[in-house]
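Participant: Turn this into a model:
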Amino acid sequence: MKESHRISVRFDLSDPKQRKVYEALHEIDRNEHGSMSAFAIKAIGEYLDRLSYNGRFDFTLDDIRDMFRKEIRELDLAPREAAPSFTPPAEMTDEERQENDRNVLETLDMFT
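Facilitator: Residues are numbered from 1 along each chain as shown. Presented below is the predicted three-dimensional model:
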């Protein structure tokens, strides 16, 4: 039996997804990933390894735990300080005090 086989893949460059894959394959770092063929075989192999026989992604319990740990680490769970309540300035002019009193009375009128 022949040890290697060749297949041909055609990309429809008018399809944005296929164009993206085509361009990405041409931009891979060959020192890091080897040839386009080696990169494509590795990517397809890793994808197929994650698929179970019924087409669903097959995650182990440890994979799910790791995913939750990562997500929780990124959450900001620190308690928030309550916004300070408004305190009018300690010293108000007579005019400011009268304006403040008027505003308070108007607000209380809304509840009657």
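Participant: Now do the same contact list for the residue nearest the centre of the chain.
Facilitator: Closest to where the C-alpha atoms of the chain average out (Cα atoms, centre = their mean) is Glu71, at 9.7 Å. Listed by Cβ atoms under 8 Å, 6 or more residues apart in numbering, the contact set of Glu71 is empty. Yep, even glycine has a C-beta here, placed from its N, CA and C like the rest.
Participant: Against Thr60, how distant is it?
Facilitator: Distance of Glu71 to Thr60, computed by Cβ to Cβ, to the nearest Å: 17 Å.
Participant: can you check Asp94 too?
Facilitator: Distance from Asp94 to Thr60, by Cβ to Cβ: 74 Å.
Participant: cool, Leu25 as well?
Facilitator: Separation of Leu25 from Thr60 (Cβ to Cβ): 30 Å.
Participant: Tabulate the CA atom coordinates of stretch 100-112 in PDB.
Facilitator: Output of stretch 100-112 as PDB, limited to C-alpha atoms (Å, rounded to 0.1, in the frame of the first residue of the first chain):
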ATOM      1  CA  ASN A 100     -32.700  73.400  49.700                       C
ATOM      2  CA  ASP A 101     -35.700  73.600  52.000                       C
ATOM      3  CA  ARG A 102     -38.000  74.300  49.000                       C
ATOM      4  CA  ASN A 103     -36.600  71.300  47.200                       C
ATOM      5  CA  VAL A 104     -37.200  69.000  50.200                       C
ATOM      6  CA  LEU A 105     -40.800  70.300  50.600                       C
ATOM      7  CA  GLU A 106     -41.500  69.800  46.800                       C
ATOM      8  CA  THR A 107     -40.100  66.300  47.000                       C
ATOM      9  CA  LEU A 108     -42.300  65.500  50.100                       C
ATOM     10  CA  ASP A 109     -45.400  66.900  48.300                       C
ATOM     11  CA  MET A 110     -45.000  64.100  45.700                       C
ATOM     12  CA  PHE A 111     -45.800  61.600  48.300                       C
ATOM     13  CA  THR A 112     -49.100  63.200  49.500                       C
END
